[in-house]
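Novice: coordinates only, sequence not included:
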């Protein structure tokens, strides 16, 4: 079953990790009540860095629960809830099976997959592993973002029903591979860019790369 394991929210706060002070909302906690999903936010969730996070193309951050056991082995710790700063911790929705442009009904809301998540240094800071963002990119298990096509109330444990497939069938892991690994493959680059649902935050850098061929 494809479903939400937990709905997670957090507010911007100042933290000190590794002797460095950061302003972040990556620390989130599970909510046990219905939340309203708007065009830009889940419930009271907030973003500290509005340049790189938030906005309609990044209204919801999603991460697959299936990856937690792998990262616990890599980090040597038991991960907390919403460890990757995700709003939806999901089951049955890994990067290998989800495509950009896939549309889901979830409770009253309708959402569309817009782009892979780009892990930043704050993820590494949280767990004291500076290389963690690089390790995440290497696996392709980055998580991904949703844009909200229809606002509405959702609740924990909600089933996510796929109502439309992405036009080009570009999986999240495929897009990550083109962005970070298969960087000189012009045809693959054009293929990813051909997906109309791809968010501008990814489209812009990939278009610039294409111009260099």
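Specialist: Looks like it arrived, so ask away. Nothing here was measured: the structure is a model prediction, and the numbers come from that model. Residues are numbered from 1 along each chain as shown.
Novice: need the contact list for the most centrally placed residue in the chain.
Specialist: Among the residues of the chain, the one closest to the centroid is residue 144, at 2.6 Å (Cα atoms, centre = their mean). For residue 144, the contacting residues are 61, 62, 95, 98, 113, 114, 115, 116, 117, 172, by Cβ atoms under 8 Å, 6 or more residues apart in numbering. For glycine as for every other residue, the C-beta is placed from the backbone atoms N, C-alpha and C.
Novice: Report the beta-bridge partners for it.
Specialist: Here residue 144 sits in beta bridges with residue 62, residue 116, going by DSSP bridges.
Novice: separation between it and residue 59?
Specialist: Using Cβ to Cβ, to the nearest Å, we find residue 144 at a distance of 12 Å from residue 59.
Novice: How about residue 206?
Specialist: Distance of residue 206 to residue 59, given as Cβ to Cβ: 21 Å.
Novice: swap in residue 160?
Specialist: Taking Cβ to Cβ, one finds residue 160 at 15 Å from residue 59.
Novice: Residue 206 and residue 59: who's more crowded?
Specialist: residue 59 (24 against 17; other Cβ atoms under 10 Å).
Novice: residue ranges of the strands in this structure, please?
Specialist: Assigned strands in the chain, in chain order: 3-9, 13-17, 20-24, 29-31, 35-37, 60-64, 88-91, 103-106, 109-116, 144-150, 152-154, 160-164 (criterion: DSSP state E).
Novice: who wins for proximity to residue 186 among these?
Specialist: In terms of Cβ to Cβ, the element of the strands of the chain nearest to residue 186 is strand 109-116, at 19.9 Å.
Novice: what residues does the closest one touch?
Specialist: Contacts of strand 109-116 with the rest of the structure, by Cβ under 8 Å, 6+ apart, involve 37, 57-60, 95, 98-104, 142-154, 163, 166, 172, 175-176, 179, 197-199, 201-202.
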